[in-house]
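1. Let's see this in three dimensions:
(one chain, ligands or ions: 1)
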Amino acid sequence: MPNFSRAKPTRIINDYHLYKGNFDDGIPPIFRGCYYRLLNRLITIEKDFINGVFADMDWQLQFPIDLKPLENHLTGYQFNVIGYCWTPPNGEYTRGKGFWRIDKKNPSIINIYYCQLQFPNQARFTIPHEALHFCQTLQPDFISFFENEVYTSILTPALIIKLLEKITEKTTAMYLLPQEYFKAKWQETRSVEELSDYFQVSRQAIDYRLKECNLIA
Ligand SMILES: [Zn+2]
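-> Numbers count the residues shown, from 1 in each chain. This is a model prediction of the structure:
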């Protein structure tokens with residue numbers, strides 16, 4: 001077992017590499033340079049945010065990770081996770097896998113809705129993904145970057161949404177598979193299957209994260 005004791009530094013040193021576009025990304029070539037420049041800078045902003053979340057931890061991380069580290073970091077907000085089938089309980093319709101809303105009665109409660117028809121491994125991504133969208137609304141550097149750099153860029157509204165979803169997916173992976181722990185577990189097991197069981201995410205997500213962390217080519 002890797003040593004996950006409190007003695008370990010809580011700040012996760014992150015050399016998460018910048019995205020190396022595979023050019024099968026559906027982004028028209030004219031927008032590609034701008035898109036990846038903005039994405040790379042957003043990765044830096046979100047890395048800092050996730051490092052802050054784990055730096056706040058004064059207890060041992062439990063895997064698979066739930067929303068508690070985020071809740072602890074935000075202080076004053078609570079997440080309430082609600083599953084739905086096709087029609088969400090509040091009557092709103094969404095095609096997506098999930099969404100979030102501030103509770104109407106108690107604004108310190110953030111309701112995270114997720115579609116229960118997903119596979120459990122997908123839902124494990126959807127729930128923090130939505131929680132992280134809420135966190136973005138509280139991050140001054142994230143907001144000002146969007147206001148000053150993203151909205152004023154040449155990107156079309158559809159590409160801005162794509163960018164927001166992409167960065168949120170990447171942040172979710174950083175959160176569910178924190179680099180230091182992920183690397184330690186990989187060095188211990190060298191097995192995608194075991195990592196998938198341990199972190200409770202799909203093998204595909206493990207594979208992708210291994211590449212992002214430069215652990216496999
Ligand atoms: Zn999203």
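2. Now do the buried residues in the longest helix along the chain.
-> Identified as the longest helix of the chain according to DSSP state H is helix 29-55. Neighbour counts over helix 29-55 (16 or more other Cβ atoms under 10 Å) mark 31, 34-36, 38-39, 42-43, 45-47, 49-51, 53-54 as buried. In short, each C-beta sits where N, CA and C put it, glycine included.
3. Return the member of those residues nearest to Q78.
-> Set against Q78, the nearest of the buried residues of helix 29-55 by Cβ to Cβ is V53 (15.7 Å).
4. does that closest one really touch P69, like I thought?
-> Yes: counting by Cβ atoms under 8 Å, V53 does reach P69; the two are 5.4 Å apart.
5. Now do the shared contacts for those two.
-> With contacts taken as Cβ atoms under 8 Å, 6 or more residues apart in numbering, V53 and P69 have Y175 as neighbours in common.
6. mind listing what's buried in the strand or helix carrying F79?
-> Secondary-structure assignment from DSSP states H and E places F79 in strand 78-84. Buried residues in strand 78-84, counted by 16+ other Cβ under 10 Å: 79, 81, 83-84.
7. and W100, which of the three is it?
-> strand (DSSP: H, G, I helix; E, B strand; the rest coil).
8. Could you grab the helix/strand/coil label for the nearest residue to it once chain neighbours are set aside?
-> Sequence neighbours aside, E130 is the residue nearest to W100 in space, at 4.5 Å (criterion: Cβ to Cβ, 6 or more residues apart in numbering). Recorded secondary structure, E130: helix (three-state DSSP).
9. Wait, E130 touches N111, no?
-> No: counting by Cβ under 8 Å, E130 sits too far from N111 to count as a contact (9.4 Å).
10. of those two, who's got more company?
-> Between E130 and N111, counted using other Cβ atoms under 10 Å, the more crowded position is E130 (26 against 21).
11. Next up, the contacts around that one.
-> E130 makes contacts with 98-100, 112-114, as judged by Cβ under 8 Å, 6+ apart.
12. The residue nearest the centre of the chain is in what secondary structure piece?
-> Closest to where the C-alpha atoms of the chain average out (Cα atoms, centre = their mean) is T172, at 1.4 Å. In the assignment (DSSP H and E), T172 maps to helix 157-176.
13. State the mean pLDDT of that helix.
-> Mean pLDDT, computed over helix 157-176, is 95.
14. Return the following helix or strand past that helix as PDB; C-alpha atoms alone will do.
-> Sequence-wise, the next helix or strand downstream of helix 157-176 (DSSP H and E) is helix 179-189. C-alpha atoms of helix 179-189 as PDB (Å, rounded to 0.1, in the frame of the first residue of the first chain):
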ATOM      1  CA  GLN A 179      -1.900  13.200  -9.000                       C
ATOM      2  CA  GLU A 180       0.200  12.200  -6.000                       C
ATOM      3  CA  TYR A 181      -2.100   9.400  -4.900                       C
ATOM      4  CA  PHE A 182      -2.700   8.300  -8.400                       C
ATOM      5  CA  LYS A 183       1.000   8.000  -9.200                       C
ATOM      6  CA  ALA A 184       1.600   6.100  -5.900                       C
ATOM      7  CA  LYS A 185      -1.200   3.700  -6.600                       C
ATOM      8  CA  TRP A 186       0.100   3.200 -10.200                       C
ATOM      9  CA  GLN A 187       3.600   2.500  -9.000                       C
ATOM     10  CA  GLU A 188       2.200   0.000  -6.500                       C
ATOM     11  CA  THR A 189       0.000  -1.900  -8.900                       C
END
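15. Thank you kindly, that will do.
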